[in-house]
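Novice: just a sequence and a predicted model for now, questions to come.
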Amino acid sequence: MGVMALVRNLRNFDEAGVDDATVDTVIAKITDPDQVAKARLFPYQVWAAYKHAPSDNWKRALGRTLDLTVANIPRLDNTLVVIDTSSSMTAPVSGRSKLSRVEVAAVMAMATAKRATDVEVVIFGDGNRRLANPAGASVLAGVATVVDLVGSVGHSTFGHTAIAKHFDPKRHHRVVIFTDDQQHDSGRVRLDHVPLIYTFNLAGYSPSALPAGERGRYTLGGFSDATFTVMKVLEDGRNAAWPFML
């Protein structure tokens, strides 16, 4: 079985009563950097498996796997990542998922911070707060920190205020915001100094809080492994690199 299939079948292995030698073989494979790279596992996929892992044995292994998946996402150097930690972000990302919106946001934010250089992570509600050195922790620890901070800066949604306060044009090339996009400050905060804002709407509400598809403002619904490909195409198009350069 490939790494993806192994990660998805951990509960089945326990229910089948596999022996210790088999468990060790599975753990060795799902924590092998080359195998994880070959499988092109993405962080949120491993987080989903971690959430449903039936034993601490698997959870410890998946924590290592989660850090390895960071190598499977592109580098987004010089990025401000903004996470909505208002109360509505504790809702599931869909009717078929048990993952909360804030969990998906935290996983991708912390993976981005570990993968790239000069990435800042900010949480927001009524207020906002920059997290200290997110790249220094494991993805697992970073996610736990963000989830524990839900509501710590209030339960409303003032994301554009957070962007305006923390974006530094000398340091940041783009903003990536994870939210359900119920922005209470939409249209009331100037963001002219921010060239690129990617809004990942994890709830699918409409309309978008920012004009989409113009002046470097892009709103994407949900999140998948195609997300980074979309971002690359959009940025290469802005820089006149795509499709003329590879």
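Specialist: Alright, I've got the coordinates.
Novice: can I get the strand or helix carrying residue 229 as CSV, trimmed to CA atoms?
Specialist: Taking DSSP states H and E as the criterion, residue 229 maps to helix 227-238. The C-alpha trace of helix 227-238 is given here as CSV (Å, rounded to 0.1, in the frame of the first residue of the first chain):
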residue,chain,number,x,y,z
THR,A,227,-4.8,25.8,-4.3
PHE,A,228,-1.1,26.5,-4.6
THR,A,229,-1.2,25.8,-8.3
VAL,A,230,-3.9,28.4,-8.7
MET,A,231,-1.8,30.9,-6.7
LYS,A,232,1.2,30.3,-8.9
VAL,A,233,-0.8,30.8,-12.1
LEU,A,234,-2.3,34.0,-10.8
GLU,A,235,1.0,35.4,-9.7
ASP,A,236,2.9,34.4,-12.8
GLY,A,237,0.1,36.0,-14.9
ARG,A,238,0.6,39.3,-13.0
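Novice: other SSEs contacting that helix?
Specialist: Helix 227-238 sits against strand 217-221, with contacts defined as 3 or more CB pairs under 8 Å, 6 or more residues apart in numbering; DSSP states H and E. The C-beta positions use only the backbone N, C-alpha and C, and glycine is treated the same way.
Novice: tell me which residues in the strand it packs on are buried?
Specialist: 217, 218, 219, 220 (16 or more other CB atoms under 10 Å).
Novice: thinking the first one is in contact with residue 209, fair?
Specialist: No. Counting by CB atoms under 8 Å, residue 209 is not a contact partner of residue 217; they are 9.8 Å apart.
Novice: so the one residue sitting closest to the centre of the chain is in which element?
Specialist: In the chain, the residue lying closest to the centroid (CA atoms, centre = their mean) is residue 108, at 1.5 Å. Assigned by DSSP H and E, residue 108 falls within helix 101-115.
Novice: residue 82 too?
Specialist: Here residue 82 is assigned to strand 79-84, by DSSP H and E.
Novice: and that strand, what does it pack onto?
Specialist: Strand 79-84 packs on helix 101-115, strand 119-124, helix 159-166, strand 174-179, going by 3+ CB pairs under 8 Å, 6+ apart.
Novice: follow-up on the earlier one: from the buried residues of strand 217-221, which is closest to residue 180?
Specialist: When the buried residues of strand 217-221 are compared for distance to residue 180 (CB to CB), residue 219 wins out at 12.0 Å.
Novice: contact partners for that closest one?
Specialist: The contact partners of residue 219, by CB atoms under 8 Å, 6 or more residues apart in numbering, come to 181, 199, 201, 208, 210, 212, 213.
Novice: so how do I select the buried members of these in PyMOL?
Specialist: The PyMOL selection below is limited to those of those classed as buried (16+ other CB under 10 Å):
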select buried, resi 181+199+201+208+210
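Novice: could you list the domains of this protein?
Specialist: Listed by automatic domain parsing, the domain ranges of the chain are 3-71, 76-238.
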